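>>> this one's sequence-less:
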């Protein structure tokens, strides 16, 4: 298991590239830690807000000697962010408390970063290469340059209605997953 | 599943989020139009979509990670 805290000194010094390296391993774990909240909060917004907060507090973070301390802090921040959002949205108190307890239990489990998988990358590149036509163009927009833009704007760029664009993004992902499955890779399992 | 619901789910899978009053990301407007099962489906798809994006990116970054880095960069430049 790698220790993402190897990037901590550079992150604390304001090095965005070091933070990028940390994000690559930490972001999936933080997202997965919020699975229980998915029906009640927009997890994507919570994840992004959490990561911004980690960047802000990293210069003051004191490691406790165990591996991946900043990632464990990120999981706690994410949980607290999600609970704050539940309260802001006036989700029933019993539901909020049950989710908070469950998330606390999950946070106590081992938190390990996601490791890069060169074999997956090679298989995925081959599958994306095989895409054709509108699904290929739609997915390319989603994977394109920053800043991220709303789908309505991306659809306009490729001359599609919003609904057609979204259908093509979905078709592209399904085609890629089917292609990966033929190569013996199940994306749903890789993502865990 | 209706085409309208599928479209809402797919919008929520995107990492784009509007910016709130304090400069941070806010919930996607389409997320509010989904029921609990639609929100859960969007979450599951986003887990797979981010894994796909990260595997394709030379630095292993998903669109979420890239969006966060862009916001950090924007704050510095702002």
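Arrived safely, thanks for sending. What you see is a predicted model; the values in this text were computed from it and never measured.
>>> so what secondary structure elements neighbour the lowest-mean-pLDDT helix or strand in chain A?
When the helices and strands of chain A are scored by mean pLDDT, DSSP states H and E, helix A:187-190 comes last with a mean of 75. Counting contacts by 3 or more Cβ pairs under 8 Å, 6 or more residues apart in numbering or on different chains; DSSP states H and E, helix A:187-190 packs against helix A:162-182, helix B:36-56. Any C-beta I mention is one placed from the backbone N, CA and C, and that applies to glycine too.
>>> So which of those is nearest residue A:46?
Nearest to residue A:46 among the helices and strands packed on helix A:187-190 is helix B:36-56 (10.7 Å), distances taken as Cβ to Cβ.
>>> Quick check: buried residues in the closest one?
Of all the residues in helix B:36-56, those buried under the rule 16 or more other Cβ atoms under 10 Å in any protein chain shown are B:38-56.
>>> Which elements pack onto the helix or strand bottoming out on mean pLDDT in chain B?
Lowest mean confidence among the helices and strands of chain B (mean pLDDT, DSSP H and E): helix B:63-77, at a mean of 85. If contacts are counted by 3+ Cβ pairs under 8 Å, 6+ apart, helix B:63-77 sits against helix A:16-33, helix A:43-57, helix B:36-56.
>>> Mind checking those for the one nearest to residue A:171?
Nearest of those to residue A:171, taken as Cβ to Cβ: helix B:36-56 at 13.2 Å.
>>> elements contacting the closest one?
Using 3+ Cβ pairs under 8 Å, 6+ apart, helix B:36-56 is in contact with helix A:16-33, helix A:43-57, helix A:118-130, helix A:162-182, helix A:187-190, helix B:3-13, helix B:63-77.
>>> now the ones you listed in JSON lines, with mean neighbour count and distance to residue A:144?
Shown next, in JSON lines, are these (neighbours: other Cβ atoms under 10 Å in any protein chain shown; distance: least, Cβ to Cβ, whole Å):
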{"stretch": "helix A:16-33", "mean neighbour count": "22", "distance to residue A:144": "18"}
{"stretch": "helix A:43-57", "mean neighbour count": "23", "distance to residue A:144": "18"}
{"stretch": "helix A:118-130", "mean neighbour count": "15", "distance to residue A:144": "13"}
{"stretch": "helix A:162-182", "mean neighbour count": "19", "distance to residue A:144": "12"}
{"stretch": "helix A:187-190", "mean neighbour count": "15", "distance to residue A:144": "20"}
{"stretch": "helix B:3-13", "mean neighbour count": "20", "distance to residue A:144": "15"}
{"stretch": "helix B:63-77", "mean neighbour count": "19", "distance to residue A:144": "9"}
